[in-house]
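J.: The following comprises the amino acid sequence and a computationally predicted model.
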Amino acid sequence: MRLDIIEASLLSAEDRQALEALTAAVYPPKPRPEGTTSQPEWARPQWSIMIRDENQQLVSHVGVLTRLGFCEGEEILIGGIGGVKTHPLERGKGYAGAGVRRATSYLQQEMGVDMTLLFCGRNMLSYYQRLGFIARDGDTFVRQRGVKTLFPHNEVMVKPAGKMLPQCAELDLCGLPW
């Protein structure tokens, strides 16, 4: 397994194509039910952790970003992990876990974040708990179409770092979720 951290703006055309193919395999297009409300807007990663198998094929990806936000009104540096995906035929081999551990280490040791945060479906809570994340209590605010809004779409999990912040009742990510 090979893990590379690449600034997202520097991904090669080949890497972008491989990432698009991986995304299509993980999230095949589905028709939207009639009358559904608009989907959430998501932030793009600043860095991509590209995980390749022994044949150098892209099998998993972890998106990484940093952003200033507020915990109970105190400015903090938040590390974001998003866009975690592993090809369906390669799941269960530890690729995503290795990528998330590398992302967490990078954010904490090299970027000096105060906490690492990710969003996930309820079915993924125990997976991320095994990687050291804890479910976040309290309200998490994001921006959607320029408006500060409570984000109810996914579970929020955090891993304290830098300031070792306690759970805060109100966390403002000051931008799009990831």
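T.: Noted; the coordinates are in hand.
J.: Report the secondary structure state of residue 175.
T.: coil (DSSP: H, G, I helix; E, B strand; the rest coil).
J.: for residue 40, that is, sorry about that
T.: When classified by three-state DSSP, residue 40 comes out as coil.
J.: Same check on residue 93?
T.: coil.
J.: which phi and psi does it have?
T.: Recorded main-chain torsions at residue 93 are phi -110, psi 0, according to degrees, to the nearest 10.
J.: That one: neighbour count?
T.: Neighbour count for residue 93, taken as other C-beta atoms under 10 Å: 16. C-beta coordinates here come from the backbone N, C-alpha and C atoms, glycine included.
J.: For the lengthiest helix in the chain, name the packing helices and strands.
T.: Among the segments of the chain that qualify as a helix by DSSP state H, the longest is helix 13-26. Helices and strands touching helix 13-26, by 3 or more C-beta pairs under 8 Å, 6 or more residues apart in numbering; DSSP states H and E, are strand 47-52, strand 58-71, strand 74-86.
J.: Make TSV from those and add mean pLDDT, mean neighbour count and distance to residue 11 to it.
T.: As requested, the helices and strands packed on helix 13-26 are arranged in TSV below (pLDDT from 0 to 100; neighbours: other C-beta atoms under 10 Å; distance: least, C-beta to C-beta, whole Å):
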stretch	mean pLDDT	mean neighbour count	distance to residue 11
strand 47-52	98	23	6
strand 58-71	97	22	11
strand 74-86	96	21	13
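J.: thought residue 6 was touching residue 45?
T.: No: with contact defined as C-beta atoms under 8 Å, residue 6 and residue 45 do not form a contacting pair (10.0 Å).
J.: do you know how far residue 32 is from residue 128?
T.: As defined by C-beta to C-beta, to the nearest Å, residue 32 lies at a distance of 27 Å from residue 128.
J.: residue contacts, the residue most central in space within the chain?
T.: Closest to where the C-alpha atoms of the chain average out (C-alpha atoms, centre = their mean) is residue 82, at 1.5 Å. By C-beta atoms under 8 Å, 6 or more residues apart in numbering, the contact set of residue 82 is 42-43, 45, 63, 65, 118-119, 177-178.
J.: Can you select the buried ones from the residues you listed in ChimeraX?
T.: Selecting the buried subset of the contacts of residue 82 in ChimeraX, with 16 or more other C-beta atoms under 10 Å as the burial test, is done by:
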select :43,45,63,65,118,119,177,178
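J.: now, among the contacts of residue 82, which is nearest to residue 86?
T.: Comparing the contacts of residue 82 against residue 86 with C-beta to C-beta picks out residue 63 as the nearest, at 13.1 Å.
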